[in-house]
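Peer 1: Got a predicted model here, sequence first, then my questions.
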Amino acid sequence: MSRPLRLEFAGALYHVTARGNERNWIFFQDDDFTLYLTVLEEVCERYNWVIHAYCLMGNHYHLLLETPDGNLSKGMRQLNGVFTQKINRKHNRVGHFFQGRYKSIWVAQENYLLELCRYIVLNQVRAKMLDSPEEWL
């Protein structure tokens, strides 16, 4: 059975998450966060994405992004693929890096958007990694 197609259209908002394979870390050092954000910035420029909120955790990430051109799948293939190549090369790794496909939820209701933003930016606090959002780098 084939995978279901993703709903993609111009101007859509998505909550996107991806987790490390076997729930392993995807950020091993502080500069890995910077590497990810650099790749994300390049993807945003190339695919005309708008990032409204994000949170990078040790073994996964959350993005709230808008696709003015309806190209989520193409951009995510670039984002996760390039980041995997760079992080594998940097840390002398091989093989799969992310656990399965990324997850994307279409954000259809405006009242859900505000709650989702809160969830994403408070994720590290709720996970008890920080005491307050101001501590987040």
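Peer 2: Sure, I can see it. Numbers count the residues shown, from 1 in each chain.
Peer 1: can you give me the strands for the protein?
Peer 2: Here the chain has its strands, by DSSP state E, at 12-19, 50-56, 60-67, 103-106.
Peer 1: Parallel or antiparallel, list what pairs with the second one.
Peer 2: Put plainly, it is strand 50-56. Sheet partners assigned to strand 50-56 using DSSP bridges are listed as strand 60-67 (antiparallel).
Peer 1: Which residues does the worst-scoring helix or strand of the chain on mean pLDDT contact?
Peer 2: Using mean pLDDT, DSSP states H and E, the weakest-scoring helix or strand in the chain turns out to be helix 123-126, at a mean of 86. Outside helix 123-126, the residues within contact range by Cβ atoms under 8 Å, 6 or more residues apart in numbering are C55, M57, H62, L130, D131, S132, P133, W136. The way it works is simple: take the backbone N, C-alpha and C, and place the C-beta from them, glycine included.
Peer 1: count of neighbours near W106?
Peer 2: W106 has 14 neighbours, counted by other Cβ atoms under 10 Å.
Peer 1: Can you report how many residues lie near the closest residue in space to it that isn't next to it in sequence?
Peer 2: Nearest in space to W106, with sequence neighbours left out and distances taken as Cβ to Cβ, 6 or more residues apart in numbering, is L7 at 5.4 Å. Under the neighbour criterion other Cβ under 10 Å, L7 is assigned a count of 13.
Peer 1: what about the protein, any weak spots by pLDDT?
Peer 2: Applying pLDDT under 70 to the chain picks out residues 1-2, 137.
Peer 1: which stretches of it form helices?
Peer 2: In the chain, helices defined by DSSP state H lie at 30-47, 72-90, 110-121, 123-126, listed in chain order.
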